[in-house]
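Student: Build me a model from this:
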Amino acid sequence: MTDTTLAPLPVPVGTVVEFFEAGRILLGICMAVKGTRLSVVAETGREINLARNRVLHFSRRPLDWQAERAQLQAQMRAIGQTRQALSDKVDIVELWSLLRDEPDRLTSEQLAELVFSGPISDHHVAALQRVMLQDKLYFQFKDGAFQARSEQQVQERTAQLEREAARDALLNHGADWLAAVRSKKPGQPLPTAAALGPDQRQQIIENLKDFALHFQDAAEHALVKELLKRAKLSPLPETAFRLLVKLGVWREDENTYLLQHDIPIAFAPAIEPLAIACARQGQLPTALSGSGVNLEDLRRLDTFTIDSAATRDYDDALSLEPLADGRFQVGVHIADVAACIQPGDPIDQEARTRATSVYLPDQRIPMLPTALSENFCSLLPGADRPALSFLMTFDGNGNVCESRIVSSLIRVKERFTYEQFNTQLEAQQRFQVLHQFSLELRRQRLEQGAVILPLPEIQVYVNSAGMIRLHQYLKESPSQIVVSEWMIAANQLAAAHLTAQHLAGIFRRQAECKPETQPVMSEHALFHSYRQRRLFARAELDTQPGPHCSLGVPHYTSITSPIRRYVDLISQRQLKHALATATALYDERQLQEIIMEFKTVSVKVMLVQRKWIRYWLLKYIEQEDIQQLNALVLEKNARFAHLLLPDFLIEANLPIHEDTRVQPGELVRVRIDQVNPREDVLRLALLPQGGTAQ
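Tutor: Modelled structure (predicted):
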């Protein structure tokens, strides 16, 4: 960083040097030289081990280094005053005006000769160099010499320095504000941050949000880290999250996963009014008049829904009609969303972007606006609704005699929850018949290779007050079997029709389900179900049909949830068009595009759902102060045992030693050492053998 005034090695002891220290130029005297490092006594009296490349200027005339320390300091102060006085005479703007068109770089000595008259001493050169090195605008220092910037470069540099000054002011004032926010006690008003304007405060808030969500990938990652450091706070996403909670921007239970993955919550402003207008104008049965669609009037049927108590959007219903010859007609009626939403209209485009409804413990994000999903398209009791009906005729032994698919007009008579169906099963013959037929459908699928895994599920409900309620249920209850089997039957029937017509569709395919090659002994059925599930190939979407291994069917689609899944709506449109014209509405390329878009969004949605359910389960464990739990060992290696906590159906790793005696399939007892829902931390410890599982 020096020019021609640098002294050659070795540097004489007693040489006066100048160097930067804490942003300012200091004088020092060399007391010893060791290789490329100098032992220097600074003008402040402090002894410094200084690298030679930090030296800005070497004086040619050494001082008597053996003089008293106080005398040396006095001499250096006098030199500093002399050089400062000379520096004050340097007009850098005038010097730049003289040299701004000069292409060559000039050394400090050459510049000093231009500025000062008479003989040039060390003091002149050092004084000139002080000014030049502290200039950030007019000259550029490179390779020991100075180059004058052009007028345009000065203008650009001026703007840059102004931006840097504004950024520095924002950092300082912002750090003061955030430090005050962090120390705010509950009930106290928020700090006013008078030094910051509203736009600056909002800018800091937006940067904090981005940092809390994306950390290193945040656009202003460096700025936020510096902001937090100046506020004497940890530069971590958790710190930003806590500040946003204190500012009232986020809730304590803010679902940051939704924000991280850009999953929209509110509909675009224009969508809701369109949906309301659509619902108001669509008075059935006149809604479809003049459309050329002939609806088969099935309102005479005893049609009912079976859903959970929390369901608000009903897209499927069932009916059972005894026929005169001892046979029965089972109807699976699917809300005809395709009759309400036209391809490519704004509501359809919004549904395509969202891809699916999102069901969370504390929130429900519908694919369609509620005016449609919970009203006009929903199969509400007592309301006439267009439907796509799958009518299957069974003989007394549960064998399918014939089937057909029709566009229909239905009216749901009753609504049942899963629990209500189960409790009324013995009292209602129609429920018994449906249940027996569904068991026969399942038996036939098992004969074709279906694999039924009796895995329980856990539902987590959180009310507006933050109260958490858990409900674990088995899918093998009569109501669950009835609903699942008839939906599978309808989906299979839809796939069969498209396949017979050689039309592309959105088919669900699953490769062969691999059997367990290294079975592990365990008395716990849950252990075997989890292990078997991991051997299943992932189900994939494709435009061409293929077998679905775990369902045991030769071809399969998904058409029974058009209110909740966009691919089901597309399949419904494709099937209706095929029924009416024997041709496809969507070609294979269009369907592939829809599949790719759906996959991208649905993967994010499944991740968010899984993580947010886990968050509330951990929160429940924390709030209930649960200390110990049973754990089922799923796998084990030299460092960890991978566990399943049956009470909550969540998985966790348990650090173990090589000699820890736990085996896959074993039920053990664990102690909860730490729970942090926000950080997804669940630390467990294995209890001694005496702490047996309960």
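Student: going forward, measure contacts between C-alpha atoms and count neighbours the same way
Tutor: Noted.
Student: Look at A539 and say how many residues are nearby.
Tutor: For A539, the count of nearby residues is 13 (other Cα atoms under 10 Å).
Student: The closest residue to it other than its chain neighbours and F536: what is the separation?
Tutor: The shortest distance from A539 to any non-neighbouring residue, by Cα to Cα, 6 or more residues apart in numbering, is to Q510 (4.5 Å). With distances taken as Cα to Cα, to the nearest Å, Q510 is found 8 Å from F536.
Student: Touching both of these two, which residues are there?
Tutor: By Cα atoms under 8 Å, 6 or more residues apart in numbering, Q510 and F536 have these common neighbours: S550.
Student: neighbour-wise, which of those two wins?
Tutor: The residue with more neighbours, out of Q510 and F536, is Q510; 21 against 17, by other Cα under 10 Å.
Student: Who are the contact partners of the more buried one?
Tutor: Q510 is in contact with 537-540, 546-550, counting by Cα under 8 Å, 6+ apart.
Student: ok, it to Q492 distance?
Tutor: Taken as Cα to Cα, the span from Q510 to Q492 is 14 Å.
Student: give the contact list for L535.
Tutor: Residues in contact with L535 (Cα under 8 Å, 6+ apart) are 513-516.
Student: repeat for E419
Tutor: Contacts for E419 (Cα under 8 Å, 6+ apart) come out as S479.
Student: What segments of the stretch 501-650 of the chain are helices?
Tutor: Assigned by DSSP state H, counting those that start in this stretch, the helices in the stretch 501-650 of the chain fall at 525-533, 566-581, 588-623.
Student: Any chance of JSON lines for these, columns mean neighbour count and mean pLDDT?
Tutor: Output for the helices of the stretch 501-650 of the chain, formatted as JSON lines (neighbours: other Cα atoms under 10 Å; pLDDT from 0 to 100):
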{"stretch": "helix 525-533", "mean neighbour count": "17", "mean pLDDT": "86"}
{"stretch": "helix 566-581", "mean neighbour count": "22", "mean pLDDT": "97"}
{"stretch": "helix 588-623", "mean neighbour count": "17", "mean pLDDT": "97"}
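Student: What are the buried residues along the strand with the most length in the chain?
Tutor: Ranked by residue count, the top strand of the chain under DSSP state E comes out as strand 400-417. Buried residues in strand 400-417, counted by 16 or more other Cα atoms under 10 Å: 400, 405-413, 415-416.
Student: Could you export that strand as PDB, CA atoms only?
Tutor: These are the backbone C-alpha positions of strand 400-417, laid out as PDB (Å, rounded to 0.1, in the frame of the first residue of the first chain):
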ATOM      1  CA  VAL A 400     -71.300 -55.900 -10.200                       C
ATOM      2  CA  CYS A 401     -73.900 -56.600 -12.900                       C
ATOM      3  CA  GLU A 402     -73.600 -53.300 -14.700                       C
ATOM      4  CA  SER A 403     -72.400 -49.800 -14.300                       C
ATOM      5  CA  ARG A 404     -72.900 -46.400 -16.000                       C
ATOM      6  CA  ILE A 405     -71.700 -42.800 -15.500                       C
ATOM      7  CA  VAL A 406     -74.200 -40.000 -16.000                       C
ATOM      8  CA  SER A 407     -74.400 -36.200 -15.500                       C
ATOM      9  CA  SER A 408     -77.100 -35.800 -13.000                       C
ATOM     10  CA  LEU A 409     -79.100 -33.600 -10.700                       C
ATOM     11  CA  ILE A 410     -79.100 -34.700  -7.100                       C
ATOM     12  CA  ARG A 411     -80.400 -33.500  -3.700                       C
ATOM     13  CA  VAL A 412     -78.600 -34.700  -0.600                       C
ATOM     14  CA  LYS A 413     -81.100 -35.800   2.100                       C
ATOM     15  CA  GLU A 414     -78.900 -36.300   5.100                       C
ATOM     16  CA  ARG A 415     -75.400 -35.600   6.400                       C
ATOM     17  CA  PHE A 416     -73.500 -38.100   8.600                       C
ATOM     18  CA  THR A 417     -70.200 -38.000  10.400                       C
END
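Student: Derive a PyMOL selection command for the buried subset of the contacts of Q510.
Tutor: Buried subset of those, written as a PyMOL selection, criterion 16+ other Cα under 10 Å:
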select buried, resi 546+547+548+549+550
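Student: Buried residues of the helix or strand containing H123, list them for me.
Tutor: According to DSSP states H and E, H123 maps onto helix 122-134. Of all the residues in helix 122-134, those buried under the rule 16+ other Cα under 10 Å are 122-132.
Student: Check which helices and strands it is in contact with.
Tutor: Other helices and strands packing on helix 122-134, by 3 or more Cα pairs under 8 Å, 6 or more residues apart in numbering; DSSP states H and E, are helix 69-87, helix 108-115.
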